[in-house]
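K.L.:
generate coordinates for the sequence data below:
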Amino acid sequence: MSMAISIAYAPGSWQQAVQQAMQGHRCTVVIAHRRSGKTVLSVATLISAAIAAHNGRFAYVAPSIKQARSITWNLFKELT
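P.N.:
Numbering: from 1, shown residues only. Below is the predicted model:
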């Protein structure tokens with residue numbers, strides 16, 4: 001029995017366009033202004049892809065582990 005899983009994320013219009021452009025690509029570069037929602041977009045996309053994949057490896061990359069934790073850890077917990 002399959003169960004639908006959803007995350008608490010509603011993308012904005014530009015985020016929807018980026019998500020559609022990312023389909024079928026391994027890597028994506030997003031250049032947008034500060035506080036535009038780039039991190040939320042990447043974390044939500046990462047979580048959605050991990051839920052959909054049966055077998056895969058996923059990573060969030062930042063310059064340091066401390067920076068990655070301070071920026072995204074609460075966001076990962078909130079969205080999952």
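K.L.:
show me what contacts the residue lying closest to residue 61 once chain neighbours are set aside?
P.N.:
Leaving aside its sequence neighbours, residue 61 sits nearest to residue 68 (Cβ to Cβ, 6 or more residues apart in numbering; 7.6 Å). Yep, even glycine has a C-beta here, placed from its N, CA and C like the rest. Residues in contact with residue 68, defined by Cβ atoms under 8 Å, 6 or more residues apart in numbering, are 60, 61, 62.
K.L.:
so the last one sits against residue 73, correct?
P.N.:
To tie it back to what came earlier, the one meant is residue 62. No - applying Cβ atoms under 8 Å, one finds residue 62 not in contact with residue 73, separated by 10.7 Å.
K.L.:
coming back round to it: neighbour-wise, which of the contacts of residue 68 leads?
P.N.:
Counting neighbours by other Cβ atoms under 10 Å, residue 60 leads those with 15 neighbours.
K.L.:
helix/strand/coil for that residue?
P.N.:
Three-state assignment for residue 60 (DSSP: H, G, I helix; E, B strand; the rest coil): coil.
K.L.:
how far away is it from residue 13?
P.N.:
Using Cβ to Cβ, to the nearest Å, residue 60 is found at 24 Å from residue 13.
K.L.:
with residue 76 instead?
P.N.:
24 Å.
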